[in-house]
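J.: Model the structure of this input:
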Amino acid sequence: MEEPKTLSYDWQYGREELFLRIDSYMSDDNLYIGLYHMEDGYPESFADLTVNLPFAPLGGINEAYIDHNFSKEKLRFIKQHKLGTIQPDTASSGYCIFQRVAFDLKKLAELDPEGTKRFMERNGI
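T.: Below you'll find the model as predicted:
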């Protein structure tokens, strides 16, 4: 098994080396991006980068809303690694506001080729 490509993620508790898992949400095939790290030799979920808001409009299949937990750090991570473009639009759910991002599918494919391929096939790309 090939080692996943990691990216540095800085947050209030220090620096983490993370890799991405690309998938789609089961209810509507919207883009899912998970952040993972290796723990004791096994992939372990660190956080969800995206959140599924089926009621909120998206401008394209490559777009998703960013999970509100540590969202400033997540948006900085997206910018730092050129994963996508932060859009001016937001969506609200409960007391939370979620930022919309247009992700670069080619960049995601470099980081998780198999997951991105499955996502694109499910969405007819």
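J.: gap between the residue nearest the centre of the chain and Glu73?
T.: Note on the chain: the residue nearest the mean C-alpha position is Ile33, at 3.1 Å, using C-alpha atoms, centre = their mean. Going from Ile33 to Glu73 by C-beta to C-beta, to the nearest Å gives 14 Å. Placement of C-beta: from N, CA and C, glycine included.
J.: tell me which residues in the helix or strand harbouring Arg118 are buried?
T.: Using DSSP states H and E, Arg118 maps to helix 113-122. Within helix 113-122, the residues scored as buried using 16 or more other C-beta atoms under 10 Å are Gly115, Thr116, Phe119, Met120.
J.: Packing partners of it?
T.: strand 14-24, helix 105-111 (3 or more C-beta pairs under 8 Å, 6 or more residues apart in numbering; DSSP states H and E).
J.: Give the rounded mean pLDDT of stretch 90-110.
T.: The pLDDT scores in stretch 90-110 average 96.
J.: Buried residues, it. List them.
T.: So, applying 16+ other C-beta under 10 Å, buried residues of stretch 90-110: Ala91, Phe98, Gln99, Arg100, Val101, Ala102, Phe103, Asp104, Leu105, Leu108, Ala109.
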